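K.L.:
Got a predicted structure here, sequence first:
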Amino acid sequence: MRGDERLQGGMFSYVTLEQRVPQDHPLREIRRLTDVVLGSLSAAFDELYSASGRPSIAPEYVLRALLLQASYSVRSERQLVEQLDYSLLFRWSVGLGMDDAMWNHAVFSKNRDRLLTSEVAQQFFAEVNKQARRFMSDEHFTVDGTLIQAWASQKSFCKKDGSDDDGAKFHGQKRSNETHESTTDPDARLYKKSYGKESHLAYLGHALVENRNGLIAAAVVFPLPLENGLCG
């Protein structure tokens with residue numbers, strides 16, 4: 001017999017987020033590892049915030065959410081906030097309850113600056129690596145590099161001597177990293193991945209990957225050199 005479609009939802013729910021996440025889901029092990037690490041960083045978090053004033057979004061939430069963004073390739077923080085609002089899996093992974101209100105996307109930019117400046121994010125990565133050490137082999141490592149686009153526009157790439165009349169009118173001009181720099185991010189360099197590709201203001205990122213399990217053992221970001229045949 002055909003069942004009828006329910007046109008009205010139930011008024012109450014008796015299911016927890018914990019029940020909605022399968023026991024063998026990969027995020028469970030990630031959550032377990034990160035909870036141990038975040039617990040060890042509690043004192044470091046205390047030093048980043050004033051003892052008075054309005055309570056912030058917990059830094060533990062922010063770091064767990066940024067891990068999700070990287071793991072699921074969420075393109076922007078606006079999209080991340082959107083998915084955190086409706087995804088039960090994301091809510092559970094971050095530590096939010098079913099009825100917790102979602103914060104604004106600007107929380108990420110404000111807290112990222114605080115966490116990176118204090119090197120807590122680097123401590124977090126190092127501690128996660130320590131917890132995952134048993135999964136790593138002592139051989140078969142690969143170093144890979146990639147261009148990481150800077151948060152600066154082409155229009156900000158102006159002459160270092162300040163002689164540009166209008167930095168926005170750069171089409172048809174010869175520009176070099178030796179004579180120009182970004183007014184937004186002076187450490188960024190104008191580069192392209194290969195000949196025929198579009199140039200971008202970028203950094204060079206390197207990752208040391210343990211091949212057997214695909215774990216990143218180390219990561220570092222460098223400013224690109226001033227001279228290169230692929231600069232725009």
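P.N.:
Right, received. Where do you want to start?

K.L.:
what's the helix or strand of the chain with the lowest mean pLDDT in contact with?
P.N.:
Of all helical and strand segments in the chain, the minimum by mean pLDDT, DSSP states H and E falls on helix 106-117, at a mean of 83. By C-beta atoms under 8 Å, 6 or more residues apart in numbering, the residues outside helix 106-117 that reach it are 48, 56-57, 59, 62-63, 65-66, 77, 80, 121. Backbone N, C-alpha and C define where each C-beta goes, glycine included.

K.L.:
for the residue most central in space within the chain, what are its contacts?
P.N.:
Centroid-nearest residue in the chain, with C-alpha atoms, centre = their mean: residue 66, separated by 5.0 Å. Residue 66 is in contact with 108, 112, counting by C-beta under 8 Å, 6+ apart.

K.L.:
Can you give me the buried ones in the longest strand belonging to the chain?
P.N.:
Ranked by residue count, the top strand of the chain under DSSP state E comes out as strand 200-210. Counting neighbours by 16 or more other C-beta atoms under 10 Å, one finds that the buried residues in strand 200-210 are 200-204, 209-210.

K.L.:
try stretch 104-122
P.N.:
Per 16+ other C-beta under 10 Å, stretch 104-122 contains these buried residues: 107-108, 111, 114-115, 120-121.

K.L.:
what about the longest helix in the chain?
P.N.:
helix 26-40 (DSSP state H).

K.L.:
Work out the gap between that helix and the centre of the chain.
P.N.:
Helix 26-40 sits 17 Å away from the centroid of its parent chain (C-alpha atoms, centre = their mean, to the nearest Å).

K.L.:
got the contact list for that helix?
P.N.:
21, 60, 63-64, 67, 71, 89, 92-93, 124, 127-128, 131-132.

K.L.:
would CSV of those residues with distance to residue 183, neighbour count and pLDDT be doable?
P.N.:
CSV is the format used below for these (distance: C-beta to C-beta, whole Å; neighbours: other C-beta atoms under 10 Å; pLDDT from 0 to 100):
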residue, distance to residue 183, neighbour count, pLDDT
21, 46, 17, 94
60, 36, 19, 93
63, 31, 23, 92
64, 35, 21, 94
67, 33, 18, 90
71, 34, 12, 89
89, 41, 16, 96
92, 43, 21, 96
93, 39, 24, 96
124, 32, 22, 87
127, 37, 18, 87
128, 36, 20, 84
131, 41, 14, 82
132, 41, 18, 80
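
K.L.:
Residue 6: which of those is nearest?
P.N.:
Set against residue 6, the nearest of these by C-beta to C-beta is residue 89 (23.6 Å).

K.L.:
pretty sure that closest one is in a helix, no?
P.N.:
Yes - judged by DSSP: H, G, I helix; E, B strand; the rest coil, residue 89 forms part of a helix.

K.L.:
ok, now which ones touch it?
P.N.:
20-21, 25, 27.

K.L.:
Compare these and tell me which is most surrounded.
P.N.:
Highest neighbour count within the contacts of residue 89, by other C-beta atoms under 10 Å: residue 27, with 19 neighbours.

K.L.:
All set, thanks.
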